[in-house]
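In: Curious how this folds, go ahead:
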Amino acid sequence: MRIHKLFIGLIMLALIGGLAYKGYGEYQASQQPEPMSINGDTSVLGGLEIGQRAPDFTLGTVDGATVSLSDYVGEQVVLNFWATWCPPCREELPELITFGEETGIPVLGINVTKNERRGQADVEAFLKEVPVSFPVLLDEAGTVEKTYRVVALPTTYVIGPDGVVTAKQVGPVDFDWLHDQTN
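Out: Okay, here's the model as predicted:
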């Protein structure tokens, strides 16, 4: 009888130990942060991706006009985010000018004006030194930069006639890349 009670006690102890171990494992698992998947969460990606619709925007130009992306519905358009203090932005500027002039595809230079030391005054001084043949838009509050989730300058998007991003380049572009992405 004593062996029988000892055996039942050991079984009960093993059951209680097993349940405690399982409960502790579940507790530890509940304390771990959920793994983040970037496959379904586009808010963690570095900018809009190819295949996404380009959000519309309206910005003022250095000339005092306003330009909207929706003004170019039905056309391909190149959006180039840049700043006057950015060396790669300065290097790619002649390529963008030549591309726009030779192909007739609209290029919109979106200056991230909130990052300029003196704001619009820096942009105007730069454009006196390096005149461009395409509209320079002033993103003074950084709203378009934020909407497009630009993570580095320069960043260039090619938008198709349907308003969808067809190409993206973080870093400087050249004529050949622009030509290849728009044909």
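In: Am I right that residue 137 is in contact with residue 107?
Out: No. Between residue 137 and residue 107 there is no contact under CB atoms under 8 Å: 10.9 Å. Backbone N, C-alpha and C define where each C-beta goes, glycine included.
In: next one: phi and psi at residue 66?
Out: Backbone torsions of residue 66, given as degrees, to the nearest 10, read phi -120, psi 140.
In: can you tell me which residues contact the most centrally placed residue in the chain?
Out: In the chain, the residue lying closest to the centroid (CA atoms, centre = their mean) is residue 47, at 1.2 Å. Residue 47 is in contact with 148-151, 155, 168, 170, counting by CB atoms under 8 Å, 6 or more residues apart in numbering.
In: any idea how far it is from residue 134?
Out: 21 Å (CB to CB, to the nearest Å).
In: Check residue 96 too.
Out: 7 Å.
In: Surely the residue nearest to the centre of the chain is within a helix?
Out: No. If the criterion is DSSP: H, G, I helix; E, B strand; the rest coil, then residue 47 is coil and not within a helix.
In: Apart from its neighbours in sequence, what residue is nearest it?
Out: Distances taken as CB to CB, 6 or more residues apart in numbering put residue 149 closest to residue 47, at 4.6 Å, once the chain neighbours are dropped.
In: wait, isn't the one you found in contact with residue 48?
Out: Yes. With contact defined as CB under 8 Å, residue 149 reaches residue 48; the gap is 6.4 Å.
In: So these two - more neighbours on which side?
Out: residue 48 (22 against 15; other CB atoms under 10 Å).
In: if I pick the more buried one, what's in contact with it?
Out: Contacts of residue 48 (CB under 8 Å, 6+ apart): 54-55, 148-149, 157, 165, 168.
In: From the residues you listed, which land in strands?
Out: Assignment to strands by DSSP state E places the following of the contacts of residue 48 there: 157, 165, 168.
In: Is it possible to mark the buried ones in the residues you listed?
Out: 157, 165, 168 (16 or more other CB atoms under 10 Å).
In: tell me which residues form a beta bridge with the first one?
Out: Which is residue 157. Applying DSSP bridges to residue 157 gives these bridge partners: residue 79, residue 168.
In: The lengthiest helix in the chain: which residues count as buried?
Out: Using DSSP state H to define each element, the chain has its longest helix at helix 2-31. Buried residues in helix 2-31, counting neighbours by 16+ other CB under 10 Å, are absent.
In: Next: stretch 68-78.
Out: In stretch 68-78, counting by 16+ other CB under 10 Å, buried: 69, 72, 76-78.
In: export the residues you listed to JSON lines and tack on pLDDT, secondary structure and distance to residue 18?
Out: Compiled in JSON lines, those are given as follows (pLDDT from 0 to 100; DSSP: H, G, I helix; E, B strand; the rest coil; distance: CB to CB, whole Å):
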{"residue": "69", "pLDDT": "98", "secondary structure": "helix", "distance to residue 18": "63"}
{"residue": "72", "pLDDT": "97", "secondary structure": "helix", "distance to residue 18": "67"}
{"residue": "76", "pLDDT": "98", "secondary structure": "coil", "distance to residue 18": "66"}
{"residue": "77", "pLDDT": "98", "secondary structure": "strand", "distance to residue 18": "65"}
{"residue": "78", "pLDDT": "98", "secondary structure": "strand", "distance to residue 18": "65"}
